[in-house]
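Chemist: output the structure for:
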Amino acid sequence: MGPIRAVCCGYYGKGNAGDEALLASLLQMLPEGVTPVVLSGNPPQTRDRYQVSAYNRMSAFSVWQVLRQSDVFIWGGGSLIQDVTSAVSPLYYAGLMGLAQGLGLKTIAWGQGVGPLQRPFTRQIAKQTFSRCTRVSVRDRGSAALLAQWQIPFTMAPDPVWALEGKPVPGLWDLPAPRVAVNLRSHPLLTPARLDTLTRALISFQKATNTCLLLVPFQASQDLAIAQSIQAQLPGPNHLLMLEDPRELKGLFRGVEMTIGMRLHSLIMAAAEGCRCFALSYDPKVTQLMAELELPGWELADIPEDPNIISKLWIEHYANGEPLSDISIQAIVDRALIHEELLHTFFANFFSSP
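Modeler: Reported below is the predicted structural model:
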């Protein structure tokens, strides 16, 4: 049998570092003999960054042609099936999965964060689509509980990005130390008043700790303006870092003492690299991670109105908080590699079939 073509589908090529990290993790974990074909919002960028074939995810003709010429279809991680951001998103991904299944491709839902699903219609579509997958793996207990309720077999393991191989960031060690990373994203709960409070808390924190603050946007369209606004008000050393390679982005946190993060993958990457973390949760997936790792933090809606209260807690965590131990990190990474094991087992059976 010749090379197996596997179509990789996710929120790729859209400028979101977390989803790019999921793609990088998937490509890292695919066994030899499998040729990945990526559906992307920016095919030239995806081809150049990962050295893979990539096609426009919104071109019906291209998608149809790619599926007809392939053997396997993989939902490649992330919160693809949720209707909080948009009711269109689950319809798009479920539609592609359904088309692949209709064309006879083997289908894998891999590293999924399922939900929230607030509409009965999208819940039913999700249930039907997952039930027809050849393999399913999820990354959190909430997703597992939903699939168990639907009586759909699944494998659960930590987010695949835990096991992504990081790369050194050129010039990082030339920046002043110690360093603290900050990642905030736009969200209705991050009101102008709350952003102002957090900014004033960061100013107080920096004055007390003499740290270099690294503003780290994960998605330019939602994070960059906030990072620039904060940077303009900081009194001490700071640097804004927009890293395109997700492996470098993860490697960044090796040189950081503490991370204050909103985005799920900012916290996962930081924790995986042995960095102290303080979470600001805007989403159930972040709240679940806080509970699982016992991370200090707040729901955005519960942030104190007094910036001094916030800065004092940050200073306390910076001075006395503990990152995950090397043993704990390795245990999580080992479990995250269950996603890789699922792929290798699946494709081993695929190669051995007549």
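Chemist: could you give the separation of stretch 108-116 from the chain centroid?
Modeler: 12 Å (CA atoms, centre = their mean, to the nearest Å).
Chemist: er, stretch 262-270 actually
Modeler: 7 Å.
Chemist: what is the rounded mean pLDDT of that stretch?
Modeler: The predicted model gives stretch 262-270 an average pLDDT of 98.
Chemist: tell me where the chain has helices.
Modeler: Applying DSSP state H to the chain gives helices spanning 17-29, 43-50, 60-68, 88-102, 120-131, 141-149, 192-209, 225-231, 246-252, 264-272, 284-293, 307-320, 326-336, 338-352.
Chemist: what sits against Ser143?
Modeler: If a contact means CB atoms under 8 Å, 6 or more residues apart in numbering, then Ser143 has 112-115, 156 as its contacts. Any C-beta I mention is one placed from the backbone N, CA and C, and that applies to glycine too.
Chemist: out of the helices of the chain, nearest to Ser186?
Modeler: Distances from Ser186 to each of the helices of the chain were compared using CB to CB; the minimum, 6.3 Å, belongs to helix 225-231.
Chemist: that closest one packs against which elements?
Modeler: With contacts taken as 3 or more CB pairs under 8 Å, 6 or more residues apart in numbering; DSSP states H and E, helix 225-231 sits against helix 192-209, strand 212-215, strand 238-240.
Chemist: Serialize those to JSON lines and add fields for mean neighbour count.
Modeler: Written out in JSON lines, the entries for the helices and strands packed on helix 225-231 read as follows (neighbours: other CB atoms under 10 Å):
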{"stretch": "helix 192-209", "mean neighbour count": "18"}
{"stretch": "strand 212-215", "mean neighbour count": "23"}
{"stretch": "strand 238-240", "mean neighbour count": "18"}
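Chemist: redo those as a markdown table? Include mean pLDDT.
Modeler: A markdown table is the format used below for these (pLDDT from 0 to 100):
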| stretch | mean pLDDT |
| --- | --- |
| helix 192-209 | 98 |
| strand 212-215 | 98 |
| strand 238-240 | 98 |
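Chemist: a markdown table please, covering the ones you listed and showing distance to Gln128.
Modeler: Compiled in a markdown table, the helices and strands packed on helix 225-231 are given as follows (distance: least, CB to CB, whole Å):
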| stretch | distance to Gln128 |
| --- | --- |
| helix 192-209 | 39 |
| strand 212-215 | 43 |
| strand 238-240 | 44 |
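Chemist: wait, which of these is closest to Thr134?
Modeler: Each of the helices and strands packed on helix 225-231 has some distance to Thr134 by CB to CB; the shortest is strand 212-215, at 41.9 Å.
Chemist: run the chain-centre distance for the closest one.
Modeler: Centroid displacement of strand 212-215 relative to its chain, using CA atoms, centre = their mean, is 21 Å.
Chemist: that strand - contacts with which helices or strands?
Modeler: So strand 212-215, by 3+ CB pairs under 8 Å, 6+ apart, packs with strand 179-183, helix 225-231, strand 238-240.
Chemist: let me know which of the ones you listed is tucked in deepest.
Modeler: Of the helices and strands packed on strand 212-215, the one with the most neighbours on average (mean count of other CB atoms under 10 Å) is strand 179-183, at a mean of 24.
Chemist: what packs against that one?
Modeler: Checking 3+ CB pairs under 8 Å, 6+ apart, strand 179-183 ends up next to helix 192-209, strand 212-215, strand 258-261, helix 264-272.
Chemist: output the ones you listed in CSV; the columns should cover distance to Gly166.
Modeler: Written out in CSV, the entries for those read as follows (distance: least, CB to CB, whole Å):
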stretch, distance to Gly166
helix 192-209, 25
strand 212-215, 15
strand 258-261, 14
helix 264-272, 8
